[in-house]
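Trainee: Sharing a model that was predicted from the sequence below.
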Amino acid sequence: MAFLSTINIIGSGITAQHLRLDVVSENITNLNTTRTEGGGAYRRKMVVFEAESGRSRFRDVMAQTRRGIASNYGYNRTAGVRVAEIVEDPSDLKLRYDPTDPDANEFGYVEMPNVDLVKEITDGMAASQAYSANVTAFNLLKNVVSQGLEIGR
């Protein structure tokens with residue numbers, strides 16, 4: 001049924017935006033972290049999304065048809081979005097002058113995370129809006145399916 005693939009698409013969006021909110025929360029939590037396991041200050045993390053078309057390549061569909069397993073005219077995978085990777089922001093770390101800090105270098109500067117609170121709040125708001133849009137789409141689909149079932153009565 002087509003609405004099941006729509007649920008999967010919406011679910012992929014909800015899952016991706018939930019992870020994005022988790023990464024934003026991690027960045028905000030580490031706003032002042034000057035030590036990490038890898039050494040140095042915390043680096044801001046970013047989520048990279050990748051679209052999934054849900055369509056198989058023509059060559060793959062033909063090969064599956066020959067084996068007798070193709071169906072749905074090439075829609076063998078679910079469309080939607082997936083998280084391709086979580087990357088570190090390569091921008092420069094901030095320097096703060098504080099010679100009394102135990103993490104200060106020989107010149108008295110402390111490397112601070114490259115996390116900008118305004119940017120994180122903006123990203124969090126965008127992720128929250130996208131999450132809400134996916135929930136709205138799910139509720140709309142639920143209403144459409146419910147009304148479709150009412151036709152049969």
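Mentor: Received the coordinates, thanks.
Trainee: Contacts for stretch 81-88 next, please.
Mentor: Residues from elsewhere that reach stretch 81-88 (Cβ atoms under 8 Å, 6 or more residues apart in numbering): 12-13, 16, 19, 23, 43-52. (Each C-beta comes from the backbone N, C-alpha and C, glycine too.)
Trainee: Give the buried subset of those residues as a PyMOL selection command.
Mentor: Listed next is the PyMOL selection for buried residues among those, using 16 or more other Cβ atoms under 10 Å:
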select buried, resi 12+13+16+23+43+44+45+46+47+49
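Trainee: Just the closest of the contacts of stretch 81-88 to residue 106, please.
Mentor: When the contacts of stretch 81-88 are compared for distance to residue 106 (Cβ to Cβ), residue 43 wins out at 22.2 Å.
Trainee: which residue packs closest to the closest one, ignoring adjacent ones?
Mentor: Using Cβ to Cβ, 6 or more residues apart in numbering and skipping the chain neighbours, the partner closest in space to residue 43 is residue 88 (4.3 Å).
Trainee: which of the contacts of stretch 81-88 lies closest to residue 104?
Mentor: Nearest to residue 104 out of the contacts of stretch 81-88 is residue 43 (Cβ to Cβ; 18.9 Å).
Trainee: Now do the closest one against residue 137, distance only.
Mentor: Applying Cβ to Cβ, to the nearest Å, the value for residue 43 to residue 137 is 34 Å.
Trainee: again, but for residue 84
Mentor: Residue 84 is 22 Å from residue 137, by Cβ to Cβ.
Trainee: Touching the strand or helix carrying residue 96 from outside, list them.
Mentor: Per DSSP states H and E, residue 96 falls inside strand 94-97. With Cβ under 8 Å, 6+ apart as the test, strand 94-97 has contacts from 108-114.
Trainee: do the same with stretch 36-48
Mentor: With contact meaning Cβ under 8 Å, 6+ apart, stretch 36-48 is reached by 16, 19-20, 23, 26-27, 30, 33-35, 83-89, 91, 93, 111-116, 120.
Trainee: Please check those and keep the buried ones.
Mentor: Among these, those buried by neighbour count (16+ other Cβ under 10 Å) are 16, 20, 23, 27, 30, 34, 89, 93, 111-116, 120.
Trainee: and which of these is nearest to residue 79?
Mentor: Closest to residue 79, out of all of the buried ones among the contacts of stretch 36-48 and judged by Cβ to Cβ, is residue 16, at 12.9 Å.
Trainee: With that, I have no additional questions.
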